[in-house]
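J.: Model the structure of this input:
(2 chains)
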Amino acid sequence: MNQVLNVLLYIQIILCFFCLYRIIKGPTIADRMVGIDIFGILVVGICAIIAMITERSFIIDIGIAWIILSFIGTLTLAKYLGGRKLNE
Amino acid sequence: MNSIILQIASRYLKVLLWSFAVLALLRGHNYPGGGFIGGLLASLSVVFTSLSYSPQKIKNNLRIQPEHYIAFGLLFVLLSVLPGLSGEKFLMEGEWISLYLPLVLTIKLGSPLLFDTGIFFGVIGVVTHFFFTLSTKE
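T.: Alright, predicted model coming up:
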């Protein structure tokens, strides 16, 4: 069981580097923001796996806080791409 | 942006964010969390509500201004220094009280918690002040 979790952890860390490539290289702002969003989801997965390996529950809370922040980032992006100002 | 789904959802997510912030504040001494992170999570609820309506409208309807939050937090920080003066302790030294509830639960209250509460209100004030200044026009 622990071996499987380790393999999953390494897969997610490698996928994080692909996301970083898209964030740095991305031609438009939308590409970058989608990359950051997927990066956040991967980090939440990493937090869950580390919580399962080390059996400490407070790491889950870091994931919860991260996903709330990621949601608000996506919301702001949607407002920006809709062509509106923040004050409307 | 007038999305009804977002406006209704913000009403319930506000309760969730505040309870999570208070949870992060209360167990900050032994686990990740604390005053700063709790304050950031609590001010996120204000940001979320004003993104779903409009920042100007929310700013005009605030009951407590952000500057008053900062002053309230600094008052708490000042109060947390004083318990160290009693007895033979030094200024700013921690003072702990254990509350034994009838059940198994034991709550430890101390002046570090008071300090964390001060940081909590201070961070709420600073972050909402930043947000309203950046997003509304004078």
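J.: For residue B:64, grab phi and psi.
T.: Backbone dihedrals for residue B:64, given as degrees, to the nearest 10, come out at phi -120, psi 130.
J.: ok, now residue B:28?
T.: phi -70, psi -10.
J.: Just want to check the distance between it and residue A:56.
T.: 16 Å (Cβ to Cβ, to the nearest Å). Every residue, glycine included, has its C-beta placed from N, CA and C.
J.: ok, those two, which is more surrounded?
T.: More neighbours surround residue B:28 than the other of residue B:28 and residue A:56, with 20 against 11 (other Cβ atoms under 10 Å in any protein chain shown).
J.: wait, what's in contact with the closest residue to the more buried one other than its chain neighbours?
T.: Distances taken as Cβ to Cβ, 6 or more residues apart in numbering or on different chains place residue B:34 nearest to residue B:28, at 3.2 Å, with adjacent residues excluded. Listed by Cβ atoms under 8 Å, 6 or more residues apart in numbering or on different chains, the contact partners of residue B:34 are B:24, B:25, B:28, B:116, B:119.
J.: right, and the fourth one touches residue B:27 too?
T.: Going back to what we said before, that points to residue B:116. No: between residue B:116 and residue B:27 there is no contact under Cβ atoms under 8 Å: 10.4 Å.
J.: of those two, who's got more company?
T.: Between residue B:116 and residue B:27, residue B:116 has the larger neighbour count (other Cβ under 10 Å), namely 24 against 15.
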